[in-house]
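**Q** let me see the structure of the following:
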Amino acid sequence: MKHTLSVLVEDEAGVLTRIAGLFARRGFNIESLAVGPAEQVGISRITMVVPGDENSIEQLTKQLYKLINVLKVNDITQIPCVERELMLVKVNAIAANRAEVIELAQVFRARIVDIAEESVTIEVVGDPGKLVAIVQMLNKFGIREVARTGKIALTRESGVNTEYLKSLEAKV
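**A** Reported below is the predicted structural model:
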């Protein structure tokens, strides 16, 4: 199972290297990683997606807390969250299919950020499932390049679990 960890760290040189080293020594692969300033000056939030079972993630969390600059570690996998990723995707778009590519981007509420003679670059923001879906739809045109950020996430103060709501909508 993939786990999403939200880690607050002191914003100091080398902290990311120490965390990555800890993961490497334990044989964990970090599938997604995003780092940026948090709500307080001098604190950064690291959001990472890591495969593993409950026991291995618990052990990893304990090891993270042993690192000097780590302030807080939360496994937010089962907690209602707002999750987003950003993707830029360059797609073949000749005159014959350009309108179809642009229409598809509009359906996904994506933005065209560059148009060239034979390609279009699209910016997509959304939950990871949305990004996977648009890539599947754009594959038929031929994808030239893809750049994705890691997943970022914050827990929902409202406690509303959108995954649960989606499952209810599917039943109706």
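**Q** got any ranges where this structure has weak pLDDT?
**A** Confidence mapping of the chain against pLDDT under 70 gives the ranges 162-172.
**Q** show me the helices in it, by range?
**A** 15-25, 54-65, 98-107, 128-138, 162-171 (DSSP state H).
**Q** columns distance to residue 76 on top of those, output as TSV?
**A** C-beta coordinates here come from the backbone N, C-alpha and C atoms, glycine included. Shown next, in TSV, are those (distance: least, Cβ to Cβ, whole Å):
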stretch	distance to residue 76
helix 15-25	17
helix 54-65	11
helix 98-107	30
helix 128-138	14
helix 162-171	13
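**Q** if you compare these, which one is most tucked away?
**A** With neighbours defined as mean count of other Cβ atoms under 10 Å, the helices of the chain peak in mean count at helix 128-138, which reaches a mean of 16.
**Q** what residues does that helix touch?
**A** The contact list for helix 128-138, computed with Cβ atoms under 8 Å, 6 or more residues apart in numbering, reads 83, 85, 87, 89, 91, 101, 104-105, 108, 110, 122, 124, 143, 146, 148, 151.
**Q** how does it look with 10 Å?
**A** Contact with helix 128-138 is made by 2, 32, 49, 83-87, 89-93, 101, 104-105, 107-110, 120, 122, 124-127, 143, 146, 148-151, 163, 166, as judged by Cβ atoms under 10 Å, 6 or more residues apart in numbering.
**Q** how about stretch 18-31?
**A** Here stretch 18-31 makes contact (Cβ under 10 Å, 6+ apart) with 2-5, 7, 9, 12, 14, 33, 35, 46, 48-52, 56-57, 59-60, 63-64, 66-70, 150-151.
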